[in-house]
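> next one to model:
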Amino acid sequence: MNSTVHLSRTNPDHLDFRKLIALLDENLEENNGVEAQAFFRQFNKTDEIKHVIIAYMEGVAIGCGSIKQYDPASMELKRMFVHPEFRNTGIASQILVHLEHWAKDMGYERCILETSDKQKEAVILYQKRGYHIIPNYGQYKNVAGSICMEKKLKNLSSAV
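Coordinates of the predicted model:
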């Protein structure tokens, strides 16, 4: 991949973000099943999300991620997605790093997330980026197949 990826900060109302999360939801339905996704859809609404990153290549939106406040010390990663044609190219890591720095710059101490045990590539990505598995939190406490993870932000370098 020779083209440069440009990351843009925006909000959840951005049309490109809406298009990407529609693709994400289709992808999750395929991987997790329609029934499971119907349950998780209630936790994936964008009404509380204020911070969105969209990755562009040659003007085309190819990936996204967002963060929303979970508690005064924690941002929760939500709606991470890279178009299948662009996976395994480092774009997800770029989005993730940018979101982590954004959270740290706003004074948050950690990022948390939930993913499915069927999202093996996602779990590997998060572990490579320093996340570790924690007990399931909040609405995911008794959900079979949920994997919750956390990363402390205090040791992030200051540059993105």
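
> all helices for this structure, in order.
Assigned by DSSP state H, the chain shows helices spanning 15-32, 34-41, 91-105, 120-128.

> low-confidence ranges in this protein?
By pLDDT under 70, the low-scoring segments of the chain are 1-2, 31-46, 158-160.

> pairing partners for the lengthiest strand in the chain, with directions?
Of all the elements of type strand in the chain, the one with the most residues (DSSP state E) is strand 60-71. Strand 60-71 has the following strand partners under DSSP bridges: strand 51-57 (antiparallel), strand 74-82 (antiparallel).

> ok and that strand relative to helix 15-32, angle-wise?
If you take axes from the mean of the first three to the mean of the last three Cα atoms, to 10 degrees, strand 60-71 sits at 80 degrees to helix 15-32.

> tell me what angle strand 60-71 forms with helix 91-105.
Taking the same axes, to 10 degrees, one finds that strand 60-71 is oriented at 40 degrees with respect to helix 91-105.

> next, the buried residues of strand 60-71.
Along strand 60-71, these residues count as buried under the neighbour rule (16 or more other Cβ atoms under 10 Å): Ala61, Ile62, Gly63, Cys64, Gly65, Ser66, Ile67, Lys68, Gln69, Tyr70. (Each C-beta comes from the backbone N, C-alpha and C, glycine too.)

> what do you get for stretch 89-104?
When neighbours are counted by 16+ other Cβ under 10 Å, the buried residues of stretch 89-104 are found to be 89, 91-92, 94-104.

> before we move on, what about stretch 73-92?
Of the residues in stretch 73-92, those with enough neighbours to count as buried (16+ other Cβ under 10 Å) are 74-83, 86, 89, 91-92.

> I'd like the residues you listed laid out as JSON lines, including distance to Ser157.
Listed next are those as JSON lines, based on distance: Cβ to Cβ, whole Å:
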{"residue": "Ser74", "distance to Ser157": "20"}
{"residue": "Met75", "distance to Ser157": "18"}
{"residue": "Glu76", "distance to Ser157": "22"}
{"residue": "Leu77", "distance to Ser157": "19"}
{"residue": "Lys78", "distance to Ser157": "24"}
{"residue": "Arg79", "distance to Ser157": "25"}
{"residue": "Met80", "distance to Ser157": "21"}
{"residue": "Phe81", "distance to Ser157": "26"}
{"residue": "Val82", "distance to Ser157": "23"}
{"residue": "His83", "distance to Ser157": "28"}
{"residue": "Phe86", "distance to Ser157": "25"}
{"residue": "Thr89", "distance to Ser157": "22"}
{"residue": "Ile91", "distance to Ser157": "20"}
{"residue": "Ala92", "distance to Ser157": "19"}
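
> I appreciate the help and will end here.
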